[in-house]
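>>> return atomic coordinates for the entry below.
(one chain, ligands or ions: 1)
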Amino acid sequence: MLSEKVLSREQIDEAIERLAARLNAELAGREAVFVCVLKGAVYFFTELTSRLTTSVVIDFIQVSSYGATTESSGTVTLVKDLTVDISGKDVYVVEDIVDTGLTLADVIALLGARHPRSVQVVTLLSKPSRRRKEVPLDHVGIEIPDRFVVGFGLDFAEHFRNLPEIWEYVPQEEA
Ligand code: IMP
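Residues are numbered from 1 along each chain as shown. Model (predicted):
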């Protein structure tokens, strides 16, 4: 069940505004490809990229994640691949949340093997206390404590992605 609102729409917008301003300052003259990690990052991705003032290429990748539990399995498989060539490009991987870091580490390795010029990570949320694999996070919106959250793209068993704010979700048996 939803227990408590963790981030309001205003707090989310403020974080995206801040990230976009930083990215706009460094994007000039770059051939950037923004990669949305489906499905969770999609709300963040559209809001972020629509605030960018230079033209960037966008693409989508999907890897398997949690399924219907709140724990990561630690192994990802590629569900949907990119359609553009990223070799020689500055790639920005856009994530909804970095928890253990296992998913992102795999995504970075996968994309890195295609010889991009650089790979950077932009994430709306980060749970640093849960990290099992150190991954370089270049642009972090908001750090949150170890709570399972849903809304603004984040799900529990595919539900709640469409909520406009971010809420804590507590599985029924723990509530
Ligand atoms: P990691 O591999 O543990 O870092 O988890 C990455 C993925 O797990 C994210 O892209 C999310 O899809 C999902 N995830 C991690 N924490 C949460 C959460 O609190 N709510 C919803 N999904 C989460």
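>>> what does Arg77 show for phi and psi?
If you look again at residue 77, you'll see it is Thr, not Arg. Torsion angles at Thr77 (phi, psi; degrees, to the nearest 10) stand at phi -120, psi 150.
>>> does it touch Gln62 like I think?
No - assessed by Cβ atoms under 8 Å, Thr77 is found out of contact with Gln62, at 9.8 Å. Glycine gets a C-beta too; all of them are placed from N, C-alpha and C.
>>> point out where the chain drops to low pLDDT.
65-75, 174-175 (pLDDT under 70).
>>> ok so, going back, of Thr77 and Gln62, who's got more company?
Neighbour tally, Thr77 and Gln62, criterion other Cβ atoms under 10 Å: the higher count belongs to Gln62, 16 against 10.
>>> distance of the more buried one relative to Leu78?
8 Å (Cβ to Cβ, to the nearest Å).
>>> and Leu104, by the same measure?
14 Å.
>>> show me which of the two is the more surrounded one.
Set Leu104 next to Leu78 and count neighbours by other Cβ under 10 Å: Leu104 wins out with 23 against 13.
>>> how close does the closest residue to the more buried one other than its chain neighbours get to the ligand?
Among residues not flanking Leu104 along the chain, Val135 sits closest, at 4.9 Å (Cβ to Cβ, 6 or more residues apart in numbering). Separation of Val135 from the ligand (Cβ to the nearest ligand atom, to the nearest Å): 8 Å.
>>> need the contact list for Val135.
98, 101, 104-105, 108, 121 (Cβ atoms under 8 Å, 6 or more residues apart in numbering).
>>> overlap between those and the residues near the ligand?
98, 101, 104 (Cβ under 6 Å from any ligand atom).
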